[in-house]
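1. show me how the following folds:
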Amino acid sequence: MTKHTNIINLAVIAHVNAGKSTLVDAFLNQSGVFRENEEVEEFIMDSNELEKERGITIYAKNCSIQHDGYKINIVDTPGHADFSSEVERIIKAVDTTILVVDSSEGPMPQTRFVLKKSLEQGIKPILFINKMDKNSERAEEVVDMVLDLFIDLQADDKQLEFPIIYGIAKDGIANKQIDGNSEDLEPLFDTIIDHVEPYPDLNKEPLQLQVHDLAYDDYLGRIGIGRIYSGNINKKQNVAVSKRDGSVKKEKVTELLGYKGLSQISTEKAGSGDIVAVAGIPHISIGETICDVGNVKPMDTISIDEPTLSMNFSVNDSPFSGQSGKYLTSRNLKARLEKEQEVNVGLNVEKLEGSKGFKVSGRGELHLSILLEHMRREGYEVSVSKPEVLYKEEGNKLLEPVERVIVEVPEKYSGSVISKLNQRKGLMQSMDKDSDYIRLDYLVPTRGLIGYKSEFITDTSGEGTLIRSFDRYEEYKGKIPQRTNGDLISQKEGVARAYALDNLSERGQIFIKPGTKVYEGMIIGMNNKDNDLTVNPCKNKKLTNMRASGSDDSVNLAPPKEFTLEEALEYIKDDELVEVTPDAIRLRKKILDEKIRKKSEK
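-> Predicted structure coming up:
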């Protein structure tokens with residue numbers, strides 16, 4: 001029989017950039033996970049290449065530390081609402097959450113989302129007020145704001161009695177009072193142990209292990225990661241898997257992995273309360289329950305919020321197809337999307353009738369663009385349509401997703417921002433002034449926010465911040481104005497010339513550099529007017545044997561507008577596509593041939 005260990009599972013939850021991953025780093029540093037002479041980089045848990053580049057957590061990850069006879073399993077969760085499906089399934093597997101809030105910013109839209117999921121599971125959170133070293137720190141006010149948020153989310157009396165810790169995660173400092181003088185995280189460790197009962201000893205009960213995450217290993221195959229709610233599990237054990245459709249399948253555990261520090265270690269057995277990884281069950285899926293053979297007691301399936309946004313992924317059929325990618329066919333695309341769907345539970349994939357494409361639905365633009373970024377780095381070429389919101393019907397009412405938007409902007413730009421959000425059917429909830437900045441709280445339809453971010457940056461000269469997260473579905477708001485400018489479209493295939501781009505720059509904003517290869521139907525700039533203009537970016541100056549003083553000086557072009565993947569997806573209209581390849585992001589018309597395009601518009 002497995003000897004029971006005092007186990008506490010906790011998740012660190014917060015808004016983006018509040019300091020979740022930094023706090024997990026501090027936990028690991030102060031629990032003896034690393035050698036004294038070991039070089040440790042920042043954001044240890046954000047091991048994925050995209051996470052390091054963007055400075056955000058995308059995937060929930062586990063680690064484990066030992067403290068005063070307790071094994072504490074820690075899960076670092078994403079803060080962005082687009083990755084909410086990661087948070088939702090993790091919350092069910094933990095005993096408590098540490099809610100990290102910035103001492104200056106206070107609760108943000110994603111704070112509300114992750115806290116709501118935590119409270120719905122009956123969890124009693126611990127509040128960690130981070131970045132107490134900021135000059136703009138207003139901890140007492142922020143605590144009141146968090147309390148109001150708890151009340152607004154209908155927390156019960158026990159949840160409202162949350163312990164409060166004040167700290168500086170980057171320095172590994174935590175205090176129980178604002179003016180405390182602790183130099184480590186010991187007050188936080190003490191609070192966790194005092195506040196949370198360790199998981200009860202249920203080792204003698206029948207096995208119930210629910211999978212909340214999936215991984216893949218080239219040697220072990222698919223791995224199911226989950227918590228043992230009762231009983232114990234052994235390596236090489238025969239088990240029964242209760243599937244999502246209600247069927248039961250017999251399988252054998254070929255490998256059992258536990259967590260020690262940042263590492264997964266092979267273990268012979270594990271008991272109730274622990275988080276483990278199980279290999280040998282080839283078709284295991286999220287929400288399924290692993291039980292004893294002959295004693296199947298399935299747990300409630302993990303419910304995940306539905307997607308709110310969709311894009312069409314199709315085979316890249318541009319003239320430059322196959323120049324840099326390895327995976328070009330619809331079969332390659334189908335296999336990759338099916339593989340992603342197995343581990344990414346917030347994703348839906350449907351085949352588009354009569355085309356070599358798929359409708360891919362997710363929780364937001366960032367959620368889907370991260371998938372595209374992974375695919376292009378793996379060697380895939382894809383054409384992607386403009387993002388479209390997913391509507392719901394309730395009776396005879398059409399409902400659409402609405403997002404909560406928090407804007408902080410210098411007062412001199414606030415009028416323009418308010419005007420634009422109102423045009424996009426936004427409804428102001430509150431407006432506060434703090435020094436020279438205005439803080440706006442809006443509810444805006446997701447449709448209205450598609451394509452707005454670049455406008456916002458321009459309107460605020462890059463000095464404003466805009467944070468958004470899904471709030472709820474509301475009745476359809478009516479028509480919303482979109483980008484009015486037309487495009488500059490290449491009329492032929494060739495190489496862009498500086499002479500031609502210099503002349504075209506008077507017509508609008510240019511997106512390409514001289515020397516860029518272009519093709520017919522490719523978008524090379526934005527027209528100043530509202531119509532599309534077909535142009536020749538490959539035209540070169542005619543050579544003559546006559547020269548004039550000053551007229552042959554080299555052309556000085558303004559730097560072109562270069563798009564990130566998210567910006568490109570926001571920019572395009574309904575009749576346009578983003579061509580995503582390993583070495584380029586191009587904008588193009590769906591119909592490349594100018595004559596056919598004009599006929600279809602009639």
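2. where exactly do the helices run in the stretch 251-400 of the chain?
-> Per DSSP state H, counting those that start in this stretch, the stretch 251-400 of the chain carries helices over the ranges 330-343, 365-377.
3. pick the most deeply packed of those.
-> Most buried of these, by mean neighbour count (mean count of other Cβ atoms under 10 Å): helix 365-377, with a mean of 21. Bear in mind the C-beta positions are built from the backbone N, C-alpha and C, glycine included.
4. one step back: how about the helices of the stretch 251-400 of the chain in JSON lines, adding distance to residue 595?
-> Shown next, in JSON lines, are the helices of the stretch 251-400 of the chain (distance: least, Cβ to Cβ, whole Å):
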{"stretch": "helix 330-343", "distance to residue 595": "27"}
{"stretch": "helix 365-377", "distance to residue 595": "31"}
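5. figure out which of those is closest to residue 181.
-> helix 365-377 (40.3 Å; Cβ to Cβ).
6. need the helices of the stretch 251-400 of the chain in JSON lines (columns: mean pLDDT and distance to residue 576).
-> Below are those laid out as JSON lines (pLDDT from 0 to 100; distance: least, Cβ to Cβ, whole Å):
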{"stretch": "helix 330-343", "mean pLDDT": "86", "distance to residue 576": "20"}
{"stretch": "helix 365-377", "mean pLDDT": "86", "distance to residue 576": "16"}
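7. quick one: which of those is nearest residue 405?
-> Comparing the helices of the stretch 251-400 of the chain by Cβ to Cβ, helix 365-377 comes nearest, at 13.9 Å.
8. residue 495 is nearest to which of the helices of the stretch 251-400 of the chain?
-> Nearest of the helices of the stretch 251-400 of the chain (Cβ to Cβ): helix 365-377, 23.3 Å.
9. any regions of the stretch 51-200 of the chain where pLDDT drops low?
-> Residue ranges of the stretch 51-200 of the chain with pLDDT under 70: 51-61, 78-86, 109.
10. after the lowest-mean-pLDDT helix or strand in the chain comes which helix or strand?
-> The helix or strand of the chain with the poorest confidence is helix 49-54; it has a mean of 47 (mean pLDDT, DSSP states H and E). Once the chain leaves helix 49-54, the next helix or strand it forms, by DSSP states H and E, is strand 61-67.
11. mind giving me the packing neighbours of that next one?
-> Counting contacts by 3 or more Cβ pairs under 8 Å, 6 or more residues apart in numbering; DSSP states H and E, strand 61-67 is packed against helix 20-29, strand 70-76, strand 255-260.
12. what would the ones you listed look like in CSV with mean neighbour count and distance to residue 103?
-> Shown next, in CSV, are the helices and strands packed on strand 61-67 (neighbours: other Cβ atoms under 10 Å; distance: least, Cβ to Cβ, whole Å):
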stretch, mean neighbour count, distance to residue 103
helix 20-29, 24, 13
strand 70-76, 23, 20
strand 255-260, 19, 31
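13. right, so of these, which gets closest to residue 238?
-> That would be strand 255-260 among these, by Cβ to Cβ, at 13.2 Å.
14. so what secondary structure elements neighbour that closest one?
-> Packing partners of strand 255-260 (3+ Cβ pairs under 8 Å, 6+ apart): strand 61-67, strand 263-266, strand 269-270, strand 275-279.
15. residue 332 is nearest to which of the helices and strands packed on strand 61-67?
-> Of those, nearest to residue 332 by Cβ to Cβ is strand 255-260, at 29.9 Å.
16. in its sheet, what does that closest one sit against?
-> Using DSSP bridges, the strands paired with strand 255-260 are strand 263-266 (antiparallel), strand 275-279 (antiparallel).
17. need the winner for burial among these.
-> For the strands paired with strand 255-260, the highest mean count by mean count of other Cβ under 10 Å goes to strand 275-279, at a mean of 24.
18. tell me the spacing between residue 368 and residue 324.
-> 21 Å (Cβ to Cβ, to the nearest Å).
19. for residue 234, that is, sorry about that
-> Using Cβ to Cβ, residue 234 is found at 49 Å from residue 324.
20. what's the answer for residue 462, then?
-> Applying Cβ to Cβ, the value for residue 462 to residue 324 is 32 Å.
21. pull up the gap between the closest residue to residue 591 other than its chain neighbours and residue 427, please.
-> Once flanking residues are discounted, residue 591 sits nearest to residue 597: 4.3 Å by Cβ to Cβ, 6 or more residues apart in numbering. Distance from residue 597 to residue 427, counting by Cβ to Cβ: 38 Å.
22. tell me which of these two has more neighbours.
-> Ranked by neighbour count (other Cβ atoms under 10 Å), residue 597 and residue 427 place residue 597 first, with 17 against 14.
23. pretty sure the more buried one is in a helix, no?
-> Yes. With DSSP: H, G, I helix; E, B strand; the rest coil as the criterion, residue 597 is part of a helix.
24. domains of the protein?
-> 6-195, 208-292, 392-475, 487-601 (automatic domain parsing).
25. need the ones you listed in JSON lines (columns: distance to residue 363).
-> Putting the domains of the chain into JSON lines (distance: least, Cβ to Cβ, whole Å) gives the following:
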{"stretch": "domain 6-195", "distance to residue 363": "5"}
{"stretch": "domain 208-292", "distance to residue 363": "15"}
{"stretch": "domain 392-475", "distance to residue 363": "7"}
{"stretch": "domain 487-601", "distance to residue 363": "14"}
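26. so which of those domains comes closest to residue 375?
-> domain 487-601 (7.4 Å).
27. quick one: average pLDDT of that closest one?
-> Averaged over domain 487-601, pLDDT sits at 85.
28. ok, back up a step: let me have the helices and strands packed on strand 255-260 in JSON lines, extended by distance to residue 581.
-> Formatted as JSON lines, the helices and strands packed on strand 255-260 follow (distance: least, Cβ to Cβ, whole Å):
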{"stretch": "strand 61-67", "distance to residue 581": "30"}
{"stretch": "strand 263-266", "distance to residue 581": "35"}
{"stretch": "strand 269-270", "distance to residue 581": "45"}
{"stretch": "strand 275-279", "distance to residue 581": "35"}
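29. those: which one's closest to residue 219?
-> Proximity to residue 219 (Cβ to Cβ) singles out strand 275-279 among the helices and strands packed on strand 255-260, at 8.9 Å.
30. and for the closest one, what are the contacting residues?
-> 9, 62, 64, 73, 93, 209, 211, 215, 217, 220-228, 233, 253-259, 264, 267, 270, 284, 290 (Cβ atoms under 8 Å, 6 or more residues apart in numbering).
31. residue 130 reaches residue 18, doesn't it?
-> Yes. Using Cβ atoms under 8 Å, residue 130 makes contact with residue 18 at a distance of 6.1 Å.
32. next, show the common contact partners of these two.
-> Listed contacts common to residue 130 and residue 18 are 100, 101, 102; contacts here mean Cβ under 8 Å, 6+ apart.
33. can you tell me which of the residues you listed are buried?
-> 100, 101, 102 (16 or more other Cβ atoms under 10 Å).
34. is the second one in a helix, a strand, or coil?
-> Secondary structure, three-state DSSP: residue 101 is strand.
35. that one contacts residue 144, doesn't it?
-> No. Residue 101 is not in contact with residue 144 according to Cβ under 8 Å; the separation is 11.7 Å.
36. before we move on, the earlier item: between the helices of the stretch 251-400 of the chain, which gets nearest to residue 22?
-> Closest approach to residue 22 among these is made by helix 365-377 (21.0 Å; Cβ to Cβ).
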